[in-house]
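what would the 3D arrangement of this be:
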Amino acid sequence: MTGELLVGVVGSTAYGLATEGSDEDRLGVYMAEPADLFGLSGPAVLTGSRVTTHPDVTMHELYKFATLALKGNPTVSELLWLDSYVVTTEAGRELVAAREAFLSTPGVRGAYGGYALQQSRKLLSRHEAGKEGFSADTARRTAKHGRHCLRLLRQAYGLLATGRLVIDMTAQRDELFAAGELAAHDPEAFSALFDREIAALDAVDSVLPDHPDRDRVGALLVELRTAALGRV
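This next block holds a predicted model:
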């Protein structure tokens, strides 16, 4: 794809939580072409994304990626913490080198904890609606959502405590899958587990700043776009 800066394998494969039926998901950043950026469609280009399938690939324009990462968006943020990449350029490496600048305590607590809480509530409401039991497919999907809720909370805890995001959760795979089974078959036990994890996240002393370094991120975007213009 024209303008690719960074592309990596994310999702269950990156977490070490893939199962036989898991797809390989890729996420990346691209830079809009100058003609598109400076033309009449410029504002729409900046907030654009490109989604393709086989394999599943989501690409965000540099501006959109940066604004989402500054908010602590978990799905977007993990791209900057992978061990390896499918595509990497000098500009992509500069983004990775600046990954700490996107972080803040409120951003991580709100984005990771908030998303996990939202998903947990959906799981519990699903149980309320299906008191007579789940189909096998619904149980599988519920288990997947449950383990990813716990995964988000564990990753957020580590990020707040250490300033680093651990993507590969293989060491906790059995525990995360067990939590998923609770989500599918024992909602009360899952709810109690979730409450304990939320309490731990709320209590952890954060090493992250109160605000992301927007000046550094903004300067980097200017630098990357200026360098790209010089190559036209």
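
what's the weakest-modelled helix or strand in this protein?
helix 114-129 (a mean of 78; mean pLDDT, DSSP states H and E).

packing partners for the helix or strand following it?
Once helix 114-129 ends, the next helix or strand along the chain (criterion: DSSP states H and E) is helix 136-162. Helix 136-162 is packed against helix 74-77, helix 105-108, helix 114-129, helix 173-185, helix 187-203, with contacts defined by 3 or more C-beta pairs under 8 Å, 6 or more residues apart in numbering; DSSP states H and E. Any C-beta I mention is one placed from the backbone N, CA and C, and that applies to glycine too.

for helix 136-162, which residues meet the burial criterion?
139, 142-157, 159-160 (16 or more other C-beta atoms under 10 Å).

same question for stretch 94-105.
Counting neighbours by 16+ other C-beta under 10 Å, stretch 94-105 gives Leu95, Ala98, Ala101, Phe102, Leu103, Ser104, Thr105 as buried.

of all the residues you listed, which two lie farthest apart?
Farthest pair in the buried residues of stretch 94-105 (C-beta to C-beta) is Leu95 and Thr105. Separation: 21.5 Å.

ok, how many other residues are close to Glu20?
4 (other C-beta atoms under 10 Å).

can you tell me which residues contact the closest residue to Ala143 other than its chain neighbours?
Spatially, and ignoring its direct neighbours in sequence, Ala143 is nearest to Gly180 (3.6 Å; C-beta to C-beta, 6 or more residues apart in numbering). By C-beta atoms under 8 Å, 6 or more residues apart in numbering, Gly180 lies in contact with Thr142, Ala143, Lys144, His145, Gly146, Arg147, Leu150.

for the spatially most central residue of the chain, give me the pLDDT.
Nearest residue to the geometric centre of the chain (C-alpha atoms, centre = their mean): Thr75, 1.5 Å. Thr75 is assigned a predicted lDDT (pLDDT) of 92.

that one and Pro43: what is the separation?
Distance check for Thr75 against Pro43: by C-beta to C-beta, to the nearest Å, it reads 24 Å.

pretty sure Glu24 is touching His54, no?
No. Here Glu24 does not reach His54: they are 10.1 Å apart, not a contact under C-beta atoms under 8 Å.

residue ranges in the chain under the pLDDT threshold?
Applying pLDDT under 70 to the chain flags the ranges 1-2, 127-134, 232.

walk me through the domains of it.
4-102+213-230, 105-203 (automatic domain parsing).

run the chain-centre distance for the first one.
Between the mean C-alpha point of domain 4-102+213-230 and the mean C-alpha point of its chain there is a distance of 11 Å (C-alpha atoms, centre = their mean, to the nearest Å).

so which strand or helix has Ala59?
Check again: residue 59 is Met, not Ala. Going by DSSP H and E, Met59 is part of strand 56-61.

okay, now the sheet partners of that strand, with direction.
strand 25-30 (parallel), strand 49-52 (antiparallel) (DSSP bridges).

give me the contact list for that strand.
1, 4, 7, 23-32, 45-51, 68, 76.

got it, and stretch 224-232?
Leu5, Met31, Pro34, Leu37, Leu62, Ala91, Glu94, Leu95.

try 6 Å this time
Met31, Pro34, Ala91 (C-beta atoms under 6 Å, 6 or more residues apart in numbering).

and which of those is nearest Asp213?
Ala91 (18.3 Å).

surely the closest one and Glu4 touch.
No. The pair Ala91 / Glu4 is not scored as a contact, 9.5 Å apart, by C-beta atoms under 6 Å.
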